[in-house]
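In: Here is a sequence together with a model predicted from it:
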Amino acid sequence: MVTRSTLLYLSRHEGLKDFATRFSPFKKMTTRFVAGEDIEQTIRAIRELNAIGCTASFDHLNESVTRAAETEEEGREYLRILARIDDTGIRSNVSIKLTQFGLDIDSELTYRNARTVVAEAARRGNFVRVDMEGSTVTQVTIDIFKRLRAEFGLDDVGIVVQSYLRRTETDVRALLQIPARIRLCKGAYNESPEVAFPDKKDVDENYVGVMRQLLSSGVYHGIATHDPRMIDATIDFTGKHGIGKDAFEFQMLYGVRRDLQEQLARDGYNMRVYVPYGKHWYPYFMRRLAERPANVWFVMKNMLKG
Ligand SMILES: Cc1cc2nc3c(=O)[nH]c(=O)nc-3n(C[C@H](O)[C@H](O)[C@H](O)COP(=O)(O)OP(=O)(O)OC[C@H]3O[C@@H](n4cnc5c(N)ncnc54)[C@H](O)[C@@H]3O)c2cc1C
């Protein structure tokens, strides 16, 4: 039985990453979760989502980048994405990761790269979501987000919080004071019990508590989950408190519970799908397997079928 923590450990394994990205049958299996290798393929995937009533968040996969020149190229890639969103008229914002922009090198470099993208999004009337990564970078991610938010508007840049972290409730209280637009997710990294709740029951309980905190704030937030219990709790809470369907959005990942994505859009909820693309798919893909280890067998079966 392959466990979540084994898959998350392997997601950071450089040797396996090099092997997997060069081994073409493995690469083929990523198409369930990754829209393609380039911007144009991703636009096609987003058009299909738009056609069924979902918006998107465009994401160029790359993380833990250690060369400054590559972090700057990541910034330029996002300027191209923002331009293509406008050219094509697809309904999509963008998501970025700060380790993609240099967090493992220098926080000022990261801020400059992120600022370039947020400034361009603001100029175009678009929105940048700063993804949340492992707990070693939670504080610096929040600090850089706050600097961006001090300069740009509520509808220009937002952040993510993870319900598995013990600190999240306190972070949310402070972020709502700014205020900030927040995506709530459970959290996808390997964390120690000192910083994260080890039991799913506590992660879920915290998720529902934070969801209520967010949706009572009057700010437009993203409720990111595929968990029907979290979705039902959100629908129940908003229904009971007269919070309109247009006051928040549900968010899900490309390739996960497409049926539920369509259903919620049909029921009149705002539904946004996170659509990643690019060559550096390995860690993202492995985190998706870790969320549902049964996916490993699905991938292997399909690989053997050729
Ligand atoms: C839009 C979006 C953005 C995200 N951004 C971040 C981020 O910035 N930082 C971060 O740490 N995490 C992020 N995540 C990932 C998140 O933290 C969780 O790891 C992931 O969403 C799984 O949690 P869940 O809420 O779906 O609930 P779970 O309890 O993990 O899953 C509930 C059910 O959903 C289905 N499911 C969930 N994941 C999968 C999968 N991969 N394949 C197939 N079925 C699945 C299964 O049926 C499962 O039983 C994001 C998730 C979404 C949807």
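Out: Good, I have the coordinates. Residues are numbered from 1 along each chain as shown.
In: near the ligand, which residues of the stretch 151-300 of the chain show up?
Out: Within the stretch 151-300 of the chain, the positions adjacent to the ligand are 160, 162, 185-189, 224-227, 230, 251-253, 256-257, 274, 288, 291-292, 295 by C-beta under 6 Å from any ligand atom. For glycine as for every other residue, the C-beta is placed from the backbone atoms N, C-alpha and C.
In: swap the cut-off to 8 Å and go again
Out: Residues of the stretch 151-300 of the chain lying close to the ligand (C-beta under 8 Å from any ligand atom) are 160, 162, 164, 183, 185-189, 200, 203-204, 207, 222, 224-228, 230, 251-253, 255-257, 272-274, 287-292, 294-295.
In: Flag every residue of the stretch 1-150 of the chain that's near the ligand.
Out: Contacts of the stretch 1-150 of the chain with the ligand, taken as C-beta under 8 Å from any ligand atom, map to 33, 57, 95, 97, 129, 131-133.
In: From those residues, which land in strands?
Out: Mapping these onto strands (DSSP state E) picks out 57, 95, 129.
In: close enough to count as contact, the first one and R272?
Out: Meaning S57. Yes - S57 lies in contact with R272 (C-beta atoms under 8 Å); the separation is 5.9 Å.
In: where does the stretch 1-150 of the chain dip in pLDDT?
Out: Residue ranges of the stretch 1-150 of the chain with pLDDT under 70: 1, 25.
In: Please enumerate residues in contact with the lengthiest helix in the chain?
Out: Counting by DSSP state H, the longest helix found in the chain is helix 68-88. Here helix 68-88 makes contact (C-beta atoms under 8 Å, 6 or more residues apart in numbering) with 39-40, 43, 47, 58, 60, 62, 65, 92, 94, 96, 100-102, 105-106, 109-110, 113-114, 116-117, 120-121, 124, 126.
In: And stretch 206-218, by the same measure?
Out: With C-beta under 8 Å, 6+ apart, stretch 206-218 has contacts from 161, 163-164, 168-169, 172-173, 176, 179, 182, 184, 186, 197, 221, 223, 225, 227, 230, 233-234, 237-238, 241, 243, 247-248.
In: are any of the ones in strands among the residues of the stretch 1-150 of the chain next to the ligand buried, and which?
Out: Neighbour counting over these (16 or more other C-beta atoms under 10 Å) leaves 57, 95, 129 as the buried ones.
In: Would you enumerate the residues in contact with the second one?
Out: If I follow you right, that is S95. 57-59, 128-131, 274.
In: can you check the first one too?
Out: Listed by C-beta under 8 Å, 6+ apart, the contact set of S57 reads 92-95, 129, 251, 272-275.
In: just to revisit the earlier point, so which of the residues of the stretch 1-150 of the chain next to the ligand comes closest to the ligand?
Out: The closest of those to the ligand turns out to be D131 (C-beta to the nearest ligand atom; 3.4 Å).
In: I'd like to know how far I159 sits from G89.
Out: According to C-beta to C-beta, to the nearest Å, I159 stands 27 Å off from G89.
In: The two: who's more crowded?
Out: Set side by side, I159 and G89 give different neighbour counts by other C-beta atoms under 10 Å, the larger being at I159 (23 against 9).
In: In this structure, where's the longest strand?
Out: Criterion DSSP E: the longest strand present in the chain is strand 270-277.
In: Just the C-alpha atoms of that strand, please, in PDB.
Out: Output of strand 270-277 as PDB, limited to C-alpha atoms (Å, rounded to 0.1, in the frame of the first residue of the first chain):
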ATOM      1  CA  ASN A 270     -19.200  30.300  -9.200                       C
ATOM      2  CA  MET A 271     -16.800  27.400 -10.000                       C
ATOM      3  CA  ARG A 272     -13.100  28.100 -10.800                       C
ATOM      4  CA  VAL A 273     -10.800  25.300 -12.000                       C
ATOM      5  CA  TYR A 274      -7.000  25.500 -11.400                       C
ATOM      6  CA  VAL A 275      -5.400  24.600 -14.700                       C
ATOM      7  CA  PRO A 276      -1.700  23.900 -14.600                       C
ATOM      8  CA  TYR A 277       0.700  23.400 -17.600                       C
END
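In: ok, and for it, which residues are buried?
Out: Applying 16+ other C-beta under 10 Å to strand 270-277 flags 270-277 as buried.
In: And for stretch 163-177?
Out: Of the residues in stretch 163-177, 163-165, 168, 171-172, 175-176 count as buried by neighbour count, 16+ other C-beta under 10 Å.
In: Next: stretch 133-147.
Out: The neighbour-count check on stretch 133-147 (16+ other C-beta under 10 Å) flags 133-135, 137-138, 141-142, 144-145 as buried.
In: so which of those comes closest to the ligand?
Out: Set against the ligand, the nearest of the buried residues of stretch 133-147 by C-beta to the nearest ligand atom is E133 (6.6 Å).
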